[in-house]
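**Student:** Okay, predicted coordinates and the sequence, questions at the end:
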Amino acid sequence: MWAMLIPNMLPVIVFAHGAGAPSSHPWMRGWAARLAACGAVFSFDYPYMQSGRKTPDRPDKLLAAHADAVAEAQATQPGAPLVLAGKSMGGRMGCHLEAQWAATGNHTIKALVCFGYPLRSAGSGKSRAEVLLEVKAPILFVQGTRDPLCPLSDLQAVLPQRKAHSELHIVEQGDHSLMVAKRTLTANNETQADVDARILASVQDFLQRHVR
C-alpha cells in the first residue's frame, strides 16, 4: 500500500491519510505529488483502510502502523531528516507519535505538517489540544477558515501554550480539505491551484528553516 515519489532532495516525508479516504484518494495523491518538491514522499494506508473497513483502528494500532511506515521509509533513505505530514487524523497520529518518541528522548522527527488538524472530535466536539502541548518538534498547521473540526480561534489559543515552534498557514474560506468554494475563487479571480501553490510555498519555507 505504498506510493513513493523521490525527488532530488531530502528530507524523507511520511504522509498519512485522514480517517475517511486512503492514500490513493485524489486529494492525497495530489498533495503527495506537490510535497515531492520538498523531499522523498512516502504515503501509506493504516490497517483498517487496507482491509476495506470504514472505522479507524484503535489509536495504539494506528500508531504502530505509523511507526512501521516511518521505519520502512527511513530504510530507503538512511540518515535523511524525517518529517511527518498528515491529513486530519493522519496529522493527529503524527503528533501522537512524535510526542511518544520525544518523551523517551527520541527526537528523530524533525518537523510536522498538519493539513486540517482535527482539533475537535467530529462526534463529541471534545478538544484534542493536549497532544499538541507534548510535541517537541516544530509544527506547521495548514487550516481553512471554514473547517468545523478546527475553529481558528481555538487553535490560535492553543499555539502560544506550546513550548516548541508553531506556524499557521490560513486558507481563507477553506474547508476541512482546504478546498475553497468556486464562487469565492471566481470572486477572487483565482483557482484552487493558486490556493494550493501558496500552501506549498509555505510548507517549503517552513521545512527549509526547520529541517536540517
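**Tutor:** Sure thing, it's come through. Keep in mind the model is a prediction, meaning the values are calculated, not measured.
**Student:** Lys163: neighbour count?
**Tutor:** 9 (other Cβ atoms under 10 Å). Every residue, glycine included, has its C-beta placed from N, CA and C.
**Student:** Next, work out how far apart it and Pro138 are.
**Tutor:** Going from Lys163 to Pro138 by Cβ to Cβ, to the nearest Å gives 11 Å.
**Student:** any idea what the spatially most central residue of the chain is structurally, helix, strand or coil?
**Tutor:** Among the residues of the chain, Gly86 comes closest to the average C-alpha position under Cα atoms, centre = their mean, at 2.4 Å. Put simply, Gly86 is strand when judged by DSSP: H, G, I helix; E, B strand; the rest coil.
**Student:** residues in contact with it?
**Tutor:** Applying Cβ atoms under 8 Å, 6 or more residues apart in numbering to Gly86 gives the contacts 15-18, 92-94, 112-115.
**Student:** give me that answer again for 6 Å
**Tutor:** Contact analysis of Gly86 by Cβ atoms under 6 Å, 6 or more residues apart in numbering lists 16, 94.
**Student:** ditto for the one 3 residues further on
**Tutor:** Contacts of Met89 were listed using Cβ under 6 Å, 6+ apart, and they are 18-19.
**Student:** just for this structure, where's the confidence low?
**Tutor:** Scanning the chain for pLDDT under 70 picks out 1-9.
**Student:** where do the helices sit along it?
**Tutor:** With DSSP state H as the criterion, the chain has helices at 26-35, 47-50, 59-76, 89-102, 130-134, 152-158, 182-187, 192-210.
**Student:** And the second one, what's buried?
**Tutor:** Within helix 47-50, the residues scored as buried using 16 or more other Cβ atoms under 10 Å are 48-49.
**Student:** for the longest one, same thing?
**Tutor:** Within helix 192-210, the residues scored as buried using 16+ other Cβ under 10 Å are 195-196, 199-200, 202-203, 206-207, 210.
**Student:** now it and helix 26-35, what's the angle there?
**Tutor:** 50 degrees (axes from the mean of the first three to the mean of the last three Cα atoms, to 10 degrees).
**Student:** would you put the C-alpha positions of helix 192-210 in PDB?
**Tutor:** Taking Å, rounded to 0.1, in the frame of the first residue of the first chain, the C-alpha atoms of helix 192-210 are listed here in PDB:
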ATOM      1  CA  GLN A 192      -7.800  26.200  -6.400                       C
ATOM      2  CA  ALA A 193      -4.300  25.600  -7.900                       C
ATOM      3  CA  ASP A 194      -3.400  29.100  -6.800                       C
ATOM      4  CA  VAL A 195      -4.500  28.300  -3.300                       C
ATOM      5  CA  ASP A 196      -2.500  25.100  -3.300                       C
ATOM      6  CA  ALA A 197       0.600  26.800  -4.600                       C
ATOM      7  CA  ARG A 198       0.500  29.300  -1.700                       C
ATOM      8  CA  ILE A 199       0.200  26.400   0.700                       C
ATOM      9  CA  LEU A 200       3.100  24.500  -0.900                       C
ATOM     10  CA  ALA A 201       5.300  27.700  -0.800                       C
ATOM     11  CA  SER A 202       4.500  27.900   2.900                       C
ATOM     12  CA  VAL A 203       5.400  24.300   3.500                       C
ATOM     13  CA  GLN A 204       8.700  24.600   1.600                       C
ATOM     14  CA  ASP A 205       9.700  27.700   3.500                       C
ATOM     15  CA  PHE A 206       8.800  26.100   6.900                       C
ATOM     16  CA  LEU A 207      10.800  22.900   6.100                       C
ATOM     17  CA  GLN A 208      13.800  24.900   4.800                       C
ATOM     18  CA  ARG A 209      14.000  26.800   8.000                       C
ATOM     19  CA  HIS A 210      13.400  24.000  10.500                       C
END
